[in-house]
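>>> sharing a model prediction with you, sequence too.
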Amino acid sequence: MADNKREKIPVSRVLNSPICLLAFGFGSGLAPVAPGTFGTLAAVPLYLLAASLPLPAYLGLTLFLFLAGVWLCGRCEQILGVKDHSGIVFDEFVGLFITLTAVPVAPIPLIAGFLLFRLFDIVKPWPIAWFDRNVHGGLGIMLDDALAGLLAWIVLFFFLYFGLI
């Protein structure tokens, strides 16, 4: 399996595979620049739909999406023959859901959560970087974004608790 995360993948290979179409965030991961950011943007409408769920249902949905993403992203990785391709952005969907768990649904918290998640997903502070380097396959693809989402959630709640946003 190739290790080039930025390898150009023919659009038809993604669009013709329902698995890869989902893993590529309904095509948002095909963006020529910043596919992770575009994938996170594509997750916002789905988050807004899910945000009205009772908290236990929201958490259950997020857990389900994480577990489904492990299989989905791992399978797409196999189909494409490329390890953790940057266009696989289903993990960004779950990372954003984690970041915005139990956060007031309003523009400022949403934007702050989006930016914090993207920051931690891009910078990958410890321990996120360790998991990114050492856990592979679908679990590796999903885990670093879940951890980035968790870290972003902690910081976001700190900001909200102290009235900083």
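Yep, that arrived. Keep in mind it's a predicted model, so treat the numbers as computed, not measured.

>>> excluding sequence neighbours, find me the nearest residue to A51.
Closest residue to A51 apart from its sequence neighbours, by Cβ to Cβ, 6 or more residues apart in numbering: V105 at 4.7 Å. The way it works is simple: take the backbone N, C-alpha and C, and place the C-beta from them, glycine included.

>>> could you list the low-confidence segments of this protein?
The model of the chain has pLDDT under 70 over residues 1-7.

>>> kindly recompute the last result at 80.
The chain contains residues with pLDDT under 80 at 1-7, 9-10, 12.

>>> would you confirm that the residue nearest to A51 belongs to a helix?
No. The assignment for V105, made by DSSP: H, G, I helix; E, B strand; the rest coil, is coil rather than a helix.

>>> quick check: it touching L48?
Yes. Contact status for V105 versus L48: in contact at 7.0 Å, counting by Cβ atoms under 8 Å.

>>> any idea which helix or strand carries A68?
helix 55-80 (DSSP states H and E).

>>> who are the packing partners of that helix?
In terms of contacts (3 or more Cβ pairs under 8 Å, 6 or more residues apart in numbering; DSSP states H and E), helix 55-80 is packed against helix 18-23, helix 90-99, helix 137-161.
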